[in-house]
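> For reference, the sequence and a predicted model appear below.
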Number of protein chains: 2
Amino acid sequence: MKIYNSLGPNPRALRMLLIEKNLTFPTERIDLLAAENRAGDYAVRNPGAQLPSMVTDGGMMIAETTPIFEYLEDKYPSPPMVGSSAEEKAECRMWMRRVELKITEHVYCAFRYGPGLEMYQQRQAVFPDMFEGLKSQIDVGLEWLDPLLAGKEFLCGTRFTVADIVLFAALDFGQGIQIPAVLSDNVEAWFQRVNSRPSALASIDEEGTAAGFRGV
Amino acid sequence: MKIYNSLGPNPRALRMLLIEKNLTFPTERIDLLAAENRAGDYAVRNPGAQLPSMVTDGGMMIAETTPIFEYLEDKYPSPPMVGSSAEEKAECRMWMRRVELKITEHVYCAFRYGPGLEMYQQRQAVFPDMFEGLKSQIDVGLEWLDPLLAGKEFLCGTRFTVADIVLFAALDFGQGIQIPAVLSDNVEAWFQRVNSRPSALASIDEEGTAAGFRGV
């Protein structure tokens, strides 16, 4: 197996998962800032063109962060980071989808249409008119989430899962670009709990930090 | 087990999956137009408040369409609608996430902020300024998808999967509200292939059709 790695919150999320699962694989770095992901062989093999991705022992390229997480869980079920029963998996997938659709995807789109506009407009369709609406949607999503985290250690209660990793990587990235600038009480407390895990610090990419993206 | 059913493309997608898997469960109908999903016991048990959802034999409520699909696949693996190996599952999940993040979620948000605005503004935060941008994002997503469907029967090649169901349910709903009004050649050919399956016709909800939502 082989991992394609780069700058960015989603590759960071994958590094965090690999640390939590105590897995290491050969890694090739793709230069996102130079748009290496959007050209040549990489874009042909991964038409979504994003990072991270991985190649299986059989030569199949798997892209998209959460399917990579699920694949690694299928192959290396211990320690469980999705769940160890159909019910635990369902709980985790439910939270993953909620945080992606209500919060994290809006953070990434807001970045592309706002602070990252200058770079992204050279490489994809961008809609800067959506920037303010996206920020408002993030606020709505976090307001919805805050009371649901009251009294809970993680999104799935006492289980730390890939749902936490997906949300944490986006919010840590978001704080670096002030989207959102401040987290409400329960979300902030949850964030600090995740941030105190060894995998949070160990997954930071020094090159990314140097490029100005906190937590990248 | 028990299914909560209603109007709408996602409940329709679940009905389509159940037909493909030859499964039947007791069903309770929730009145979406009357916002029954956003009040009382249902909203407490499913804080996402959306439909469909299901309750397991153990009493757990699973919400969010794709996690329900995965749970049913875990419990009833045959016929496979996600995949019968980790690699097949990964391929399907990759396509599910791509079509959800690039196309179907934008269709649903565009509906809430456009044709459905009058209803939705009474029950959730709405951002009508995003309507045009969302439609443009749908166009970009479908333009991206079109060449990737050339020469393929379904999103995962010859396998008909939940990824096709997710996309089909959204586009059939979208055609009823003209978002998008027209599908490009490869997408249209794929759409007709899916639409010709017995499960496509049998999953249409007569009550939804009467309410003016095609394919609901």
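Thanks, I have it. Numbering: from 1, shown residues only, chains lettered A, B, ... in the order given.

> pLDDT value on residue A:205, please?
On pLDDT, residue A:205 comes in at 84.

> How about the one 5 residues further on?
Note on residue A:210: pLDDT of 58.

> same question, residue A:214
With respect to pLDDT, residue A:214 has a value of 51.

> Run a quick neighbour tally on residue A:173.
The tally of other residues near residue A:173 (other CB atoms under 10 Å in any protein chain shown) stands at 24. To be clear about C-beta, it is placed using only N, CA and C from the backbone, and glycine gets the same treatment.

> The one 10 residues further on too?
Residue neighbour count, defined by other CB under 10 Å, stands at 18 for residue A:183.

> can you check residue A:88 too?
With other CB under 10 Å as criterion, residue A:88 counts 16.

> Residue A:31 too?
Count around residue A:31 with other CB under 10 Å applied: 11.

> Tell me who's in contact with the closest residue to residue A:75 other than its chain neighbours.
In this structure, residue A:75 finds its nearest non-sequential neighbour in residue B:86, 6.0 Å apart by CB to CB, 6 or more residues apart in numbering or on different chains. Shown in contact with residue B:86 (CB atoms under 8 Å, 6 or more residues apart in numbering or on different chains): A:71, A:74-75.

> so which of those is the most crowded?
Using other CB under 10 Å as the neighbour test, the contacts of residue B:86 are led by residue A:71, with 22 neighbours.

> domains of chain A?
Per automatic domain parsing, the structural domains of chain A span A:2-75, A:86-198.

> Can I get those domains in CSV including mean pLDDT?
Shown next, in CSV, are these (pLDDT from 0 to 100):
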stretch, mean pLDDT
domain A:2-75, 95
domain A:86-198, 97
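
> I'd like those domains as JSON lines, with distance to residue B:195 appended.
Below are these laid out as JSON lines (distance: least, CB to CB, whole Å):
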{"stretch": "domain A:2-75", "distance to residue B:195": "24"}
{"stretch": "domain A:86-198", "distance to residue B:195": "26"}
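
> so the residue lying closest to residue A:93 once chain neighbours are set aside is in which element?
In this structure, residue A:93 finds its nearest non-sequential neighbour in residue B:67, 3.7 Å apart by CB to CB, 6+ apart. According to DSSP states H and E, residue B:67 maps onto helix B:65-75.

> what are the ranges of the helices in chain A?
For chain A, the helices defined by DSSP state H occupy A:9-20, A:40-45, A:65-75, A:86-99, A:105-113, A:117-120, A:131-148, A:162-176, A:185-195, A:198-202, A:206-210.

> Using TSV, please lay out those helices together with distance to residue B:138.
Listed next are these as TSV, based on distance: least, CB to CB, whole Å:
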stretch	distance to residue B:138
helix A:9-20	23
helix A:40-45	22
helix A:65-75	22
helix A:86-99	19
helix A:105-113	14
helix A:117-120	18
helix A:131-148	15
helix A:162-176	23
helix A:185-195	30
helix A:198-202	36
helix A:206-210	31
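
> Could you single out the most deeply buried of those?
Highest mean neighbour count of these: helix A:162-176, a mean of 25 (counted as mean count of other CB atoms under 10 Å in any protein chain shown).

> who does that one touch, helix- and strand-wise?
Under the contact criterion of 3 or more CB pairs under 8 Å, 6 or more residues apart in numbering or on different chains; DSSP states H and E, helix A:162-176 touches helix A:9-20, helix A:65-75, helix A:86-99, helix A:105-113, helix A:185-195.

> Make JSON lines from the ones you listed and add distance to residue B:140 to it.
Shown next, in JSON lines, are the helices and strands packed on helix A:162-176 (distance: least, CB to CB, whole Å):
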{"stretch": "helix A:9-20", "distance to residue B:140": "20"}
{"stretch": "helix A:65-75", "distance to residue B:140": "20"}
{"stretch": "helix A:86-99", "distance to residue B:140": "22"}
{"stretch": "helix A:105-113", "distance to residue B:140": "12"}
{"stretch": "helix A:185-195", "distance to residue B:140": "31"}
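
> Which among those is found nearest to residue B:199?
For residue B:199, the closest of those is helix A:86-99, at 22.7 Å, according to CB to CB.

> got the angle for that closest one vs helix B:86-99?
Angle, helix A:86-99 to helix B:86-99, by axes from the mean of the first three to the mean of the last three CA atoms, to 10 degrees: 30 degrees.

> and helix A:86-99 with helix B:65-75, angle?
Using the same axes, to 10 degrees: helix A:86-99 against helix B:65-75 is 160 degrees.

> Residue numbers of chain A in contact with chain B?
Within chain A, the positions near chain B by CB under 8 Å from any CB of the partner chain are A:47-48, A:56, A:58, A:60, A:62-64, A:66-68, A:70-71, A:74-75, A:86-87, A:89-91, A:93-94, A:96-98, A:100-101, A:105, A:125, A:127, A:129-130, A:132-134, A:136-137, A:140, A:144, A:148.

> if you set the cut-off to 7 Å instead, what comes out?
A:47-48, A:56, A:58, A:60, A:62-64, A:66-67, A:70-71, A:74-75, A:86-87, A:89-90, A:93-94, A:97-98, A:101, A:105, A:125, A:127, A:129-130, A:133, A:136-137, A:140, A:148 (CB under 7 Å from any CB of the partner chain).

> middle-most residue in chain A, spatially?
The centroid of chain A falls nearest to residue A:10 when counting by CA atoms, centre = their mean (3.6 Å).

> circling back: what about the helices and strands packed on helix A:162-176, which gets the closest to residue B:193?
Of the helices and strands packed on helix A:162-176, nearest to residue B:193 by CB to CB is helix A:65-75, at 23.8 Å.

> I'd like to check what contacts that closest one. Which residues are they?
A:10, A:13-14, A:17, A:21, A:23, A:52, A:54, A:62, A:81-82, A:96, A:162, A:166, B:86, B:89-90, B:93-94, B:97 (CB atoms under 7 Å, 6 or more residues apart in numbering or on different chains).

> same deal with stretch A:165-178?
Residues from elsewhere that reach stretch A:165-178 (CB under 7 Å, 6+ apart): A:9-10, A:12-13, A:16-17, A:66, A:96, A:99-100, A:103-104, A:107, A:111, A:115, A:180, A:183, A:191, A:194, A:200, A:213-216.
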